Each structure stands twice: as structure tokens, then as C-alpha cells.
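Student: fold the following.
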Amino acid sequence: MPQNVLVTSSPRLPRVRASELVGRGWLNTGGRTISLADLRGKVVVIDFWTFCCLNCLHVLDELRELEESRREELVIVGVHSPKFAHEADPDALAAAVERYDVRHPVLDDPELTTWDAYAARAWPTLVVVDPEGYVVAQMAGEGHASAVAAIVDELVAEHEAKGTLHRGDGPYVPPTPEPSTLRFPAKAVELPGGNLLVADAGHHSLAELAPDGETLVRRIGSGERGCTDGGPGPDGTHTARFSEPNGLCLVPTGLRERLGYDVLVADTVNHALRGVHLATGQVYTVAGTGRQYMIGGQENVAPPGGQRRPHHPDDRLPATQVNLSSPWDVAWSEPLAAFVVAMAGNHTLWALDPEDSSLRLLAGTMNEGLEDGPGADAWFAQPSGLAPSLDADGAPDGGFWLADAETSALRHVAPTGADGVEVRTAVGQGLFDFGHRDGPAAEALLQHPLGVATLPDGSAVVADTYNGALRRYDPASGEVTTLATGLAEPSDVVVQPDADGGTVHLLVVESAAHRLTRVALPADLAGEVLDGGAHRVARAATGVAPGVLRLDVPFVPAPGQKLDDRFGPSTELRVSATPPELLLDGAGDGTDLARALRINPEVPEGVLHVTAKAASCDEVPLGPDGEPDPDVFPACHLAQQDWGVPVRVTPDGGTTLSLPLRGA
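Tutor: This next block holds a predicted model:
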């Protein structure tokens, strides 16, 4: 058992008053400013998030049921502390709160004032405050829903007995959305007949539009959030349900009849791939269980009638028996004879073989970052857009372009045989560097791109989402230019060349404007060279002293839970650095959640990459014989988080670094 993992009945911290909630303003409160005094008598969960962060969106989903079931005793407060410059825009934040159906007050914290007051170091971070205003728990990352629920129940019972619990409505005031044909559309494809199919994420459905991009032909899906297969009912209503669908891929013509579906959909929040038969409107689940893949979890694969088991990188898995993690886009690869899936939730690419309905990990280590090389060694960061690449003559070259959102990067993935790929970064510098800068690719900057398409000359056009722009990368010249600006969070691009080979039209999915917009390009596809500046993430670097740095990742199981070592070590810690030379010692994997690192005095600054996981399970009640009841199977819970901690090496820096996974 890791020496710093303390098993107690309650992950309580010393009694420390919660800091006041200070920011630019509030959303979802009807214009009212909220203070901690206003929340006295309630259990408060403070959720530090930023809307670019998929882990943060996972936590929003994890907390929905808890929030709905305990509204009289519990108030969740979102504190939006942005990573990217675009996320500090109050209009962009308001759109994101609506887009992700956030049903609690949100504090706009653009200067990271409240973030710093609570010493948050990671998105997401959760802080639990009791009805008297004291911090009682802090945790980072995903997988804490059961722990939060247990802590809330314990606090409710305790403060009800003390008379310090006040039931009743909280401060949440729901907004009134404006009706529109599309609501936060995500991706689009052109259908063989000229109509357009749009992943209408905000309406949890697919919208088929006429070629004008405006007239609704039909809707596939009921519009209710859920994961249900089906088609049009006798009364004309559609019975299938999606949850924030994103990527769309036309199935190759020769496969459609055999597979029984024409379009493959990345049904992101359902952690599933869905097939759509266009003639009937029928929807099928092709891959995924509806549960999220948790890195290192013991329940990622569930063979029928067999015990759940962990996933190993070389496994070829039955597609409907493996958990997925927020698939964001899908593209067909002819050399691989498979659909390539951008698995944004765990920073990987997967391959779906439609012939035998199997899935396998194609590329990525599940570490978040920007590392090139063979697929097995590459690092990604929320891969979100895919497009087959072309050579200079306009013929498919077997590879594909990838929009890697969190590294603000454009990358190219090339097959190296029947099973392998090689990853190369065309534009992008890392997790913390972004901006709007054209010119040589080595110097160019993007800002959280979500979509990519290929132009007829083989160049790539990027939906540069947080810059509100379309950018073009020309592999022949190595230059980046800007094709259009002033767009509202473009998330995808459909290329529509004229039949005469002249003008090329780009159909842009303007997600935050709830519409499709056509942009005409000249035949030479030339763009402007712009320089909107470079940015780095605003988080202050942590000062560390050269030499030995003690890293601690505290974890305490929730009330009623214990560490789960039935399938091996219950905890895991992985450490690396950018640049690698920052660490003279201490990098690598281990099971102890404490480690001595040795910082290189010759490297002035860098980033420590820390990944931690901890498995826990419910304690099994004892039977009449005093032994655990054999008929009760404990539920498993996995907490996980990736930290990217910017550090500055200085003689007066700290010699300890604490990153609570759950605890002090």
C-alpha cells in the first residue's frame, strides 16, 4: 500500500474557512451577486473548471444526478477560471454555460482570483464546503462523484442534527434559450444527394438540411438527451436519443449495404459510436457501452458473461463491449481499412474495424501533451478533428490531418503498414502556447482548433475555433495563412469545390452562432498573413528549488469506501517533464503516490507532467458469520487526474509539491 495513502472514515481537512468567491460577475443567478454568506446552511461544492477542458465537462456530467437529487441541501457553484484567452471573453463563457447545460451558478473568474485563493492547480478541481462555511474536502480530476455524494450525505446528516442545515431552493436561475433550427452545431458532412447532415449538439440530434444550409429537411433523434437506438415512430416522432453528438463520417459506398448504416456518428457524451441508416432514419449503437473509459480502470472491457478486465494496448476488443471516452470525430482510412476515432477524453486515436466490429488503440499513450513519433509513443491532447489528407495532385495519400485542441496544434498521421502510424506535428508548440500568428509553420500559432478539412491542392484548412478564424497550412511551402476571421467558434469545415474547378466554397459550422456559413475562396487559395500575437496560459509558474523536490499526491477514500487492490496495486503515479532534462531523477511509473524528484539546476523552467490514479471500492457489509457478505459485490470507483504544472527553477523555490487527488 502506498505509504502516503491514509485510509480513514472521512476525508476531512483541518477546519479552514472557505475563501470568498470573487470574480467579474455571475451567470445563472438572474443578475444577483452571490457570497458565501448567502450559501450558509447549504453544503457547497465549488467546481473549478474551464470550458475547453474535456475533463471538466466529464465532471459536469458526473455531478448532474447528484445536483438534481439534492437541490434542497446542496449548491454547486462553478468557478470558471480560463486557460485560453478566448475563454476569458464573457460572451464566450455565457455561450459555454448554455451549451453544456450548466444548471448551477457560475462565477466568472478571468483573473484566476478565486482559483489562486483556493490554491487550485488543475482543471478540474472540486472543493467541498460545509454548511458553516469550512472547507472539508478537496479533490482534483475525474471519478469523484461517489465520493462527493458520500461526503454530502455525511454533512447533511451531521448538520441536520446540529441544526445548521437549511433546506430550500438555491440561487440558481435558469436562462431562457432562444429557439433556433440549430443549437451549437458541431460537425457537418455533405450527403450524396447534396443535402447536409449536421451534428446538432445542443439539440442532441442530427439535422438534415437542404443544400442552402438553412432549410430543415428532417431531424434524426428525439432531441432529448439519452442513449437509445431507434427510428421514426408511427406518429412521426423519432425515438433515438443522442447526447451532444459531434463527428460524422460517411461510410464508404461499398460497405454501406453490408454494415447497414451510411453514417458513423461520434456520440460524444454517450461515449459511443452510432450508425445511421439514412433511408429509414434508424439509429444503431456500433461501439461503446455508454460508460466512460477510465485510464487504468478495471471495468473498461466487459465480455458477455465474463469478468470485466483492464484494457491492454495490443488488445483488439469487441466494439460494443469496451468503454469509450468522449469520441469527438471519425474518419475513414483506406490503408487501415478502418474508421479512425479521435478519442478526445483519453488523448488517443482508435481504429474501428467494421468487418469484425472490433476496436483497437491506434496511437497515443493516454498522456496529455505534444510528442511525435510512432503511434505507440505519441502524445495527444484532446484530439478533436480528423480529415483524410491529399497529395499535391489532389489524390488521397493514405494519411489524415488531426486538429489537436489542447495543444493548439495541427498534426499529420501517416500509416506505416497495416497496423501502425507515424505522428508528426505541422503547427503547434505545446500545452501552454497559443495565439494567432501566421508565417512559417515552426513559428505559427493556433488557439484550440476543433476541426480540419483538406483543400483540393492538398493543403489543410483548420477551424481555428478560439481565434474565430479559418487558417490554411500549405505543406509544400510550410507556411500558415489566414483565410477568414470574425467567425463565432468555428468547429468544422466542409470543402465544396465548384464543378468548373474555379472557386472553392468552405461551409463553416459556426457553433456559437448556431448556423452554417459559406466562405468563398479564390482559385489560388491564397490567404492573408496576420499576427495577432502569442499567448501563454496565465497560471503563474510554481517556484521550485534545484535538487530534491518531494512530490506528494494525497488520496483518501470517501466515507464507506476503501482502497481496491483486488486486481493489483490500487494506486499509480506517472511523472515526466518538458523538457525531459528538467528532471535528473524521478521520472517514470510507480505505485507510490509520493516520490522524490531531482530538479536540474541548469534548466530554468519547464513543465512537470504528473498523472495519478487511485482505485477504491465500497466496503462490503459483514454477514451473520462476521465475514464479508459473499452476495454483495462492491462498486468500483476510479479517480484520476493529469497535472501539467509550470515550474520555475529558483534558489529560493519550494522543496515540496503537493497535488491532492483527494484529500489535504
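
Student: C-alpha from now on. contacts and neighbour counts both.
Tutor: Noted.

Student: test my guess that Ala512 contacts Ala94.
Tutor: No - Ala512 is not in contact with Ala94 according to CA atoms under 8 Å; the separation is 10.3 Å.

Student: between these two, tell me which one has more neighbours.
Tutor: Counted by other CA atoms under 10 Å, Ala512 and Ala94 do not tie: Ala512 has more neighbours, with 22 against 16.

Student: now stretch 637-653, how far from the centre of its chain.
Tutor: 20 Å (CA atoms, centre = their mean, to the nearest Å).

Student: not counting that stretch itself, show me its contacts.
Tutor: 121-122, 140-144, 146, 294-295, 297, 367-368, 539-546, 599, 601, 603-617, 661 (CA atoms under 8 Å, 6 or more residues apart in numbering).

Student: the same query, at a cut-off of 7 Å, please.
Tutor: Outside of stretch 637-653, the residues within contact range by CA atoms under 7 Å, 6 or more residues apart in numbering are 122, 140-144, 297, 541-546, 601, 604-617.

Student: which ones among those map onto strands?
Tutor: Among the contacts of stretch 637-653, DSSP state E puts 140, 542-544, 605-617 in strands.

Student: pull out the buried members of the contacts of stretch 637-653.
Tutor: Neighbour-count burial (16 or more other CA atoms under 10 Å) applied to the contacts of stretch 637-653 gives 122, 140-144, 297, 542-546, 601, 605-617.

Student: next, give phi and psi for Arg64.
Tutor: When read as degrees, to the nearest 10, the backbone of Arg64 gives phi -60, psi -50.

Student: from His58, how far out is it?
Tutor: Using CA to CA, to the nearest Å, Arg64 is found at 10 Å from His58.

Student: ok, Gly417 next?
Tutor: Distance from Gly417 to His58, counting by CA to CA: 35 Å.

Student: more crowded one of those two?
Tutor: Taking other CA under 10 Å, Gly417 and His58 do not tie; His58 has more neighbours (19 against 10).

Student: look up the closest residue to the more buried one, ignoring the ones flanking it.
Tutor: Leaving aside its sequence neighbours, His58 sits nearest to Glu142 (CA to CA, 6 or more residues apart in numbering; 7.1 Å).

Student: go on, Ala338?
Tutor: Nearest one to Ala338, counting by CA to CA, 6+ apart, is Asp353 at 4.7 Å.

Student: give me the beta-bridge partners of that neighbour?
Tutor: Using DSSP bridges, the bridge partners assigned to Asp353 are Ser358.

Student: contact partners for it?
Tutor: Ala337, Ala338, Phe339, Leu359.

Student: any idea how far it is from Leu359?
Tutor: Counting by CA to CA, the gap from Asp353 to Leu359 is 6 Å.

Student: hey, where'd the strands end up in the stretch 251-400 of the chain?
Tutor: 263-267, 272-277, 282-287, 316-318, 327-333, 338-343, 348-353, 358-363, 373-374, 383-390, 396-404 (DSSP state E, counting those that start in this stretch).

Student: rank these by pLDDT, which is bottom?
Tutor: Among the strands of the stretch 251-400 of the chain, strand 316-318 carries the lowest mean pLDDT, at a mean of 87.

Student: for Ala88, give me its contacts.
Tutor: Pro82, Pro110.

Student: ok, 10 Å please
Tutor: Going by CA atoms under 10 Å, 6 or more residues apart in numbering, Ala88 touches Thr50, His80, Ser81, Pro82, Asp108, Asp109, Pro110, Glu111.

Student: kindly report the same for Asp61.
Tutor: Taking CA under 10 Å, 6+ apart, one finds Asn55, Tyr100, Asp101, Val102, Ala145, Val269 in contact with Asp61.

Student: now do the helices in the stretch 1-150 of the chain.
Tutor: Using DSSP state H, counting those that start in this stretch, the helices of the stretch 1-150 of the chain run over residues 54-69, 90-99, 113-117, 145-162.

Student: just confirm Pro234 is within a helix.
Tutor: No - counting by DSSP: H, G, I helix; E, B strand; the rest coil, Pro234 is not found in a helix; it is coil.

Student: that older thread, the strands of the stretch 251-400 of the chain: which one's closest to Pro579?
Tutor: Closest to Pro579 of the strands of the stretch 251-400 of the chain is strand 373-374 (CA to CA; 16.3 Å).

Student: contact partners of the closest one?
Tutor: 363-364, 379, 413-416, 420-425.

Student: filter those to the buried ones?
Tutor: By neighbour count, with 16+ other CA under 10 Å, the contacts of strand 373-374 hold Ala363, Gly364, Trp379, Val413, Ala414, Pro415, Val421, Glu422, Val423, Arg424, Thr425 as buried.

Student: narrow these to those in strands?
Tutor: Ala363, Val413, Ala414, Pro415, Val421, Glu422, Val423, Arg424, Thr425.

Student: mind listing what the nearest residue to the fourth one once chain neighbours are set aside touches?
Tutor: For Pro415, ignoring the flanking residues on the chain, the nearest one in space by CA to CA, 6+ apart is Val421 at 4.1 Å. Applying CA under 10 Å, 6+ apart, one finds that Val421 lies in contact with 336, 362-363, 373-376, 378, 399, 412-415.

Student: could you dump the strand or helix carrying His505 to PDB, C-alpha only?
Tutor: Secondary-structure assignment from DSSP states H and E places His505 in strand 504-510. The C-alpha trace of strand 504-510 is given here as PDB (Å, rounded to 0.1, in the frame of the first residue of the first chain):
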ATOM      1  CA  VAL A 504     -13.800  26.800 -53.700                       C
ATOM      2  CA  HIS A 505     -16.500  27.300 -51.100                       C
ATOM      3  CA  LEU A 506     -16.000  26.400 -47.500                       C
ATOM      4  CA  LEU A 507     -19.100  25.600 -45.500                       C
ATOM      5  CA  VAL A 508     -18.200  26.600 -41.900                       C
ATOM      6  CA  VAL A 509     -20.000  25.300 -38.900                       C
ATOM      7  CA  GLU A 510     -20.200  28.400 -36.700                       C
END
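
Student: below-threshold pLDDT in the stretch 201-350 of the chain: ranges please.
Tutor: Within the stretch 201-350 of the chain, the ranges that satisfy pLDDT under 70 run 303-310, 312.
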